[in-house]
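Visitor: please work out how this folds:
(chains A and B)
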Amino acid sequence: MEAAVETKSLSRVFEPKKKKEGKSVTALDSVDLRIEGGELFGLLGPNGAGKTTLLKILSTLLLPTSGKAYVAGLDVESQFSAIRQKINMVSGGEISGYGLLTVKENLWMFSQFYGIKSKVALQRIDEMLKDFGLSEKKDAKVRTLSTGERQKMNVIRGFITDPDIIFLDEPTLGLDVNASRVIRSYMIDWLKDHPTKTVVLTTHYMVEADELCDRIAIIDNGRILACDTPERLKKMVKMNTTLSMDVTRLKDAAVLGSFSGVENFTFTEDGDKGLTRLRFVMRDESGVSDIISAVLSQGSRIESLQKTEPTLEDVFIKMVGKGLE
Amino acid sequence: MSDGWIIKNLRAVKGRAYPRVVGAQREPSWVFFEVLLPLFTVAAYAYVYQFMDARQELIGYVVLGGAMTAFWLNVLWSMAAQFYWEKEIGNLQLYMIAPISRMSILAGMALGGMFSTTVNAASTLVIGALIFNIAFHVVDPVMLIAIFMVTMVALYGMGMMFASLYMLFGREAYHMSNLLTEPVYLASGFYFPVKYLGVFAAAGASFIPITLGLDALRQLFFTSGAGDAFLSLELELGLLLGLCALFMVLAHYSLRYMEYLGKATGRLTLRWQ
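Guide: Numbering: from 1, shown residues only, chains lettered A, B, ... in the order given. Take a look at the predicted model:
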């Protein structure tokens, strides 16, 4: 069966405009990926990992430096016009459109770039505004919308053209829980109603990736480090134990990462509560007592201690060597 | 049955023209800038001519030139440089991934721009004529409409060609537009008959469609226009038709090449350049 997206040794290098402005940057490095039709596929990675570059190549906005990329079986370099008939894309924090126009007018305008008959477009706009809880805002000027409302409008813009493959680049970035939930629900329902269509999503949010995606690729420094279902990815760290500890502020938290059995260690400071949150991915539990002793020896008090099953975040830390935050 | 390529692109033209048409109505402050500001420059030249006891037609030439500046500014800032702004707000990438010709997006901008700018230019013309007591004698209205339309198509065709360059520009777009604004007022003879620049300079300036368009419009609006003309009406119409074709073809290839270049270098979607 033809893949919705396929890349073969795909690389992209950005050269500086002038030599004195620095070195070239390898944004993608020999990426091999296959996304099947009907999948909700997630690309998970930190800033600068290459997620957006990959989406730009797949959405025909950027050329690869080497390697090949196919969307719906079509070559992004030579068959970009045919690809454009089948795709759409939405980015998080997008400010596209015109503030002078109303929500309905903006959506209608973009629908016209896809040759949709006005009558059909206006009917779809009404339906989708309802689905996204934006009906009351249809005659509001775009410049008066809140961030969440605006992003809902952007997502409607992407789906209104009924694409075979939609690329969503951090679509819920910076949104509140409600707006994010509406967008996520819509994606799931859309795929349920259109089982052959494909969503390719990049995200920063582990929970979002875990909850939504059929498969996830973890990407860092332009390389795909792992690609599988969330369940299988989590099994990759099944042998490890995650130990989470909230302690009163530590003088030197970094030292805790060096104990035996610790495979990965991260910590964050919670200034409001005066706590240090420690997170250990343990190969075995041999070093737990040493860690506890070290915490206590710094005069700190353990407020909570929890042993947890691996999450996608643990997988990410194992693969990338650091958390997303 | 799915619609054909032409119908789809016509819808795109209509879609992109729409914000231009309604925008002018929703932002009345634009009228102040686009109608009244040109009148200040017109007034300056008109008073100089009056002070010199010049022919009344010369003041008419200035009013007509002042009205036509609206089109030049619209082409330069709202058509060519527009792609730079569209890139900054994220629209350009959405235009690029849309399954239509880039020319349709630009044609939409042009048609919408032409509509609102014609209203503004006509207002400048009427107000200027009333203030300075200008009498227009249109002898051949059909030719007048033909010259005006062909000038617009050629001028906006040139704007489309420039737009392809602006696709890659960063902030230097400002400088480019500034650089082109004032010299063209001089080269195209916005405030005086272009033939007084001399044959070679006027011939060079004729690559800017508004030069020939203005020269022809003056011949059609004023009885003494023919005496101040650089070329005959028929020749100017022919040359303008040639410029229409030239700029449309150049715009097509230039847009294609610049899109390729933008995709290769990554500058097509690169903001804050």
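Visitor: contact residues of chain A facing chain B?
Guide: A:14-15, A:56, A:59-63, A:81, A:84-85, A:87-89, A:91, A:94-98, A:100-101, A:105, A:108-118, A:157 (Cβ under 8 Å from any Cβ of the partner chain). Yep, even glycine has a C-beta here, placed from its N, CA and C like the rest.
Visitor: list only buried entries from the residues you listed.
Guide: A:14, A:56, A:59-63, A:84-85, A:87-89, A:91, A:94-98, A:100-101, A:105, A:108-116, A:157 (16 or more other Cβ atoms under 10 Å in any protein chain shown).
Visitor: so which of the residues you listed are in strands?
Guide: Counting by DSSP state E, the part of those found in strands is A:14, A:87, A:88, A:89, A:91.
Visitor: among the residues you listed, which one sits closest to residue A:33?
Guide: Of all these, residue A:87 has the smallest distance to residue A:33: 16.0 Å, by Cβ to Cβ.
Visitor: ok, what's across the strand from the closest one?
Guide: residue A:165 (DSSP bridges).
Visitor: my guess is it meets residue A:165, correct?
Guide: Yes - assessed by Cβ atoms under 8 Å, residue A:87 is found in contact with residue A:165 at 5.0 Å.
Visitor: what is the burial count for residue B:93?
Guide: As a burial measure, residue B:93 scores 22 neighbours (other Cβ atoms under 10 Å in any protein chain shown).
Visitor: the worst-scoring helix or strand of chain B on mean pLDDT and chain A in contact?
Guide: Scoring the helices and strands of chain B by mean pLDDT, DSSP states H and E places helix B:29-31 at the bottom, with a mean of 74. No - judged by Cβ under 8 Å from any Cβ, helix B:29-31 makes no contact with chain A; its nearest approach is 10.5 Å.
Visitor: I'd like the next helix or strand past that helix.
Guide: Using DSSP states H and E, the next helix or strand after helix B:29-31 towards the C-terminus is helix B:37-51.
Visitor: where does chain B dip in pLDDT?
Guide: Applying pLDDT under 70 to chain B flags the ranges B:1-2, B:270-273.
Visitor: so which bits of it are right by chain A?
Guide: So chain B meets chain A at B:3, B:7-9, B:11-12, B:14-16, B:18-19, B:22-23, B:26-27, B:89-91, B:93-100, B:105, B:260, B:263-266, B:268-269 (Cβ under 8 Å from any Cβ).
Visitor: state the pLDDT value of residue A:242.
Guide: Looking at residue A:242, its pLDDT is 83.
Visitor: so how many other residues sit close to it?
Guide: Residue A:242 has 19 nearby residues by other Cβ under 10 Å.
Visitor: now do the SS call for it.
Guide: Of the three states, residue A:242 takes strand under DSSP: H, G, I helix; E, B strand; the rest coil.
Visitor: residues contacting it?
Guide: The contact partners of residue A:242, by Cβ atoms under 8 Å, 6 or more residues apart in numbering or on different chains, come to A:279, A:280, A:281, A:282, A:307, A:308, A:309, A:310, A:311, A:314.
Visitor: please name the bridge partners of the fourth one.
Guide: Going by DSSP bridges, residue A:282 is paired in beta bridges with residue A:241, residue A:262.
Visitor: coming back round to it: need the overlap of contacts for residue A:87 and residue A:165.
Guide: A:71, A:72.
Visitor: and residue B:226, what does it touch?
Guide: residue B:219.
Visitor: pretty sure residue A:33 contacts residue A:5?
Guide: Yes - between residue A:33 and residue A:5 there is a contact at 6.7 Å, judged by Cβ under 8 Å.
Visitor: who has more neighbours out of those two?
Guide: Taking other Cβ under 10 Å, residue A:33 and residue A:5 do not tie; residue A:5 has more neighbours (24 against 20).
Visitor: now the more buried one: closest residue in space, sequence neighbours ignored.
Guide: In this structure, residue A:5 finds its nearest non-sequential neighbour in residue A:35, 4.0 Å apart by Cβ to Cβ, 6 or more residues apart in numbering or on different chains.
Visitor: tell me how many other residues surround that neighbour.
Guide: By other Cβ under 10 Å, neighbour count at residue A:35 equals 24.
Visitor: tell me the pLDDT of it.
Guide: On the pLDDT scale, residue A:35 gets 98.
Visitor: didn't it look like it was pressed against residue A:3?
Guide: Yes - using Cβ under 8 Å, residue A:35 is in contact with residue A:3, at 6.2 Å.
Visitor: run a quick neighbour tally on residue 252.
Guide: Just so you know, I chose chain A. Around residue A:252 there are 8 residues (other Cβ under 10 Å).
Visitor: please refer instead to chain B.
Guide: Residue B:252: 17 neighbours (other Cβ under 10 Å).
Visitor: for it, what are its contacts?
Guide: Residue B:252 neighbours (Cβ under 8 Å, 6+ apart): residue B:103.
Visitor: excluding chain neighbours, what is closest to residue A:33?
Guide: Among residues not flanking residue A:33 along the chain, residue A:7 sits closest, at 4.6 Å (Cβ to Cβ, 6+ apart).
Visitor: now for the strand or helix carrying the one you found, which elements pack on it?
Guide: Element membership for residue A:7, per DSSP H and E: strand A:5-14. Helices and strands touching strand A:5-14, by 3 or more Cβ pairs under 8 Å, 6 or more residues apart in numbering or on different chains; DSSP states H and E, are strand A:25-35, helix A:51-58, strand A:66-71.
Visitor: deepest of these, which one?
Guide: Ranked by average neighbour count under the criterion mean count of other Cβ atoms under 10 Å in any protein chain shown, these are headed by helix A:51-58 at a mean of 25.
Visitor: which SS state does residue A:41 fall under?
Guide: Applying three-state DSSP: residue A:41 is strand.
Visitor: ok, the nearest residue to it once chain neighbours are set aside to residue A:313 distance?
Guide: Using Cβ to Cβ, 6+ apart and skipping residues adjacent in sequence, the residue nearest residue A:41 is residue A:35, 4.6 Å away. Separation of residue A:35 from residue A:313 (Cβ to Cβ, to the nearest Å): 23 Å.
Visitor: what of residue A:99?
Guide: For residue A:99, the distance to residue A:313 - Cβ to Cβ - is 38 Å.
Visitor: ok, residue A:48 next?
Guide: Residue A:48 is 19 Å from residue A:313, by Cβ to Cβ.
Visitor: so if I had to pick from those two, which one is more boxed in?
Guide: Taking neighbours as other Cβ under 10 Å, residue A:48 and residue A:313 compare with residue A:313 leading, 20 against 13.
Visitor: and that one, that's in a helix?
Guide: Yes - assigned with three-state DSSP, residue A:313 falls within a helix.
Visitor: do I have it right that it meets residue A:208?
Guide: No - the criterion here is Cβ under 8 Å, and residue A:313 misses it with residue A:208 at 11.9 Å.
Visitor: now the helix or strand containing residue B:234 against strand A:5-14, angle please.
Guide: Assigned by DSSP H and E, residue B:234 belongs to helix B:233-265. For helix B:233-265 against strand A:5-14, the angle by axes from the mean of the first three to the mean of the last three Cα atoms, to 10 degrees is 100 degrees.
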